[in-house]
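**Q** Based on what follows, work out the 3D shape:
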Amino acid sequence: MSYQGGADYERAFRVAYGVFVVAMIGAVIYMTMRPTRAPPANGKAFGCYTTANAPPISLDARGMIIHQSAPIRIGFHLERHKTGIALTADAPIEANPTETGYIYSIRPPGIGWFMDFFHEVDGRSYGVFDENALRQFTMLARDGIYLPYRKADPVECEG
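**A** Okay, here's the model as predicted:
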């Protein structure tokens with residue numbers, strides 16, 4: 001009687017390897033064929049947004065305008081993330097604390113800044129996935145404080 005355990009092991013390895021290869025090919029096909037949702041149009045977020053102790057921000061066809069003593073205008077676009085829709089500034093802006101509130105500046109070099117749109121339910125914040133519900137976003141200030149910007153009357157962004 002001879003021992004054939006080695007042959008059984010090799011056969012099991014070949015079958016497992018074949019299953020693995022087929023699964024990987026299926027995963028690649030699925031990832032390339034699945035539908036992707038287009039990013040929301042910038043116009044879905046147009047409006048004036050305000051928060052306490054920081055300058056108002058308006059979003060319109062001209063870009064993102066930060067209304068402060070030295071106004072800043074930069075491009076922006078909306079992106080879909082796993083956690084919801086994000087407002088993406090096309091320049092690395094930052095909110096710096098001062099004695100009277102926050103003031104914005106551009107911090108070169110760097111990439112844009114993501115500001116997540118959110119909604120609140122029972123005092124908790126959740127990401128927004130519906131592009132028709134873009135009413136508020138958060139800006140993380142340099143001191144670690146989140147500034148919740150909420151859609152406001154356009155008059156707040158004038159002057």
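**Q** Who are the contact partners of Leu53?
**A** Just to correct that, residue 53 is Asn rather than Leu. 100-102, 147 (CB atoms under 8 Å, 6 or more residues apart in numbering). For glycine as for every other residue, the C-beta is placed from the backbone atoms N, C-alpha and C.
**Q** ok, so of those residues, who is nearest Leu59?
**A** Within the contacts of Asn53, proximity to Leu59 (CB to CB) peaks at Leu147, which comes in at 15.3 Å.
**Q** ok, the closest one to Arg11 distance?
**A** To Arg11, Leu147 is 63 Å away according to CB to CB, to the nearest Å.
**Q** Check Arg135 too.
**A** Taken as CB to CB, the span from Arg135 to Arg11 is 61 Å.
**Q** Settle it for me: which of the two has more neighbours?
**A** Arg135 (15 against 10; other CB atoms under 10 Å).
**Q** Now do the contacts for the more buried one.
**A** 117, 119, 150-151.
**Q** any chance of the residues you listed in a markdown table, with secondary structure and pLDDT too?
**A** Converted to a markdown table, the contacts of Arg135 look like this (DSSP: H, G, I helix; E, B strand; the rest coil; pLDDT from 0 to 100):
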| residue | secondary structure | pLDDT |
| --- | --- | --- |
| Phe117 | strand | 92 |
| His119 | strand | 89 |
| Arg150 | strand | 96 |
| Lys151 | strand | 97 |
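**Q** So among these, which ones count as buried?
**A** 117, 119, 151 (16 or more other CB atoms under 10 Å).
**Q** contacting residues around the first one?
**A** Applying CB under 8 Å, 6+ apart to Phe117 gives the contacts 45, 84-87, 127-128, 133-137.
**Q** Can you turn the buried part of those residues into a ChimeraX selection?
**A** Only the buried entries of the contacts of Phe117 go into this ChimeraX selection, using 16+ other CB under 10 Å:
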select :45,84,85,86,87,128,134,136,137
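**Q** where do the helices sit along this protein?
**A** 5-33 (DSSP state H).
**Q** any low-confidence regions in it?
**A** Applying pLDDT under 70 to the chain picks out residues 1-7, 27, 30-36, 110-112, 159.
**Q** how close does the most centrally placed residue in it get to Ala45?
**A** Closest residue to the average C-alpha location of the chain: Ala86 at 3.3 Å, with CA atoms, centre = their mean. Applying CB to CB, the value for Ala86 to Ala45 is 10 Å.
**Q** Let me have the buried ones among the contacts of Arg135 in CSV, adding distance to Ala95 as columns.
**A** As requested, the buried ones among the contacts of Arg135 are exported to CSV (distance: CB to CB, whole Å):
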residue, distance to Ala95
Phe117, 17
His119, 22
Lys151, 18
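**Q** All good on my end, thank you.
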